[in-house]
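Trainee: whatever this is, show me its structure:
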Amino acid sequence: MSCKHLRSDYNIAWPTAELAVMGAEGAVNIIHRREINAAEDADKEDVRAHLVDEYKAKFGDPYVAARNGWLDDVIEPSESRMRLIRALNILRSKRSGVHQKARQHTAVITYSGLSVKVNHSVISLHQALVLPRLVQAHSQPRRHCC
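Mentor: As a prediction, this is how the structure comes out:
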């Protein structure tokens, strides 16, 4: 939902993430329309399937995006909560530029990945409402009843 080009501070994704403006099938239908239409009717689906696989390998793989510097890391879903807490702690003292407008969406979590965009006015809201409870709950040792 965000990227380095939109100046987000921390970008991570799950291994199953698809990183693209639209799905591979839709993009292939638009980008390679002439090539698909030029194929014979019997081969159109095979050509389309090959192009979709090629597109996913080139643009949809989070590991390729991480190698290109578009992602900070590719993580397992079980690490998401800890990574989000860590990112918010690191960015807690970040000061935005004087003329920078506040963003509406600061932490966007999807099934396929995680992006965090933090600026001073919004992190204060997190500090007041959410962050202390998350950090406190995670930093205290767990007590067992038995």
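Trainee: helix/strand/coil for D41?
Mentor: coil (DSSP: H, G, I helix; E, B strand; the rest coil).
Trainee: so what's the residue count around it?
Mentor: 6 (other C-beta atoms under 10 Å). (Glycine included, C-beta is placed from N, CA and C.)
Trainee: ok, it to V47 distance?
Mentor: Distance of D41 to V47, given as C-beta to C-beta, to the nearest Å: 11 Å.
Trainee: do the same with K56
Mentor: Applying C-beta to C-beta to K56 and V47 gives a distance of 15 Å.
Trainee: try R92
Mentor: Taking C-beta to C-beta, one finds R92 at 51 Å from V47.
Trainee: same question, Y55
Mentor: For Y55 relative to V47 (C-beta to C-beta), the value is 12 Å.
Trainee: repeat that for L88.
Mentor: 46 Å.
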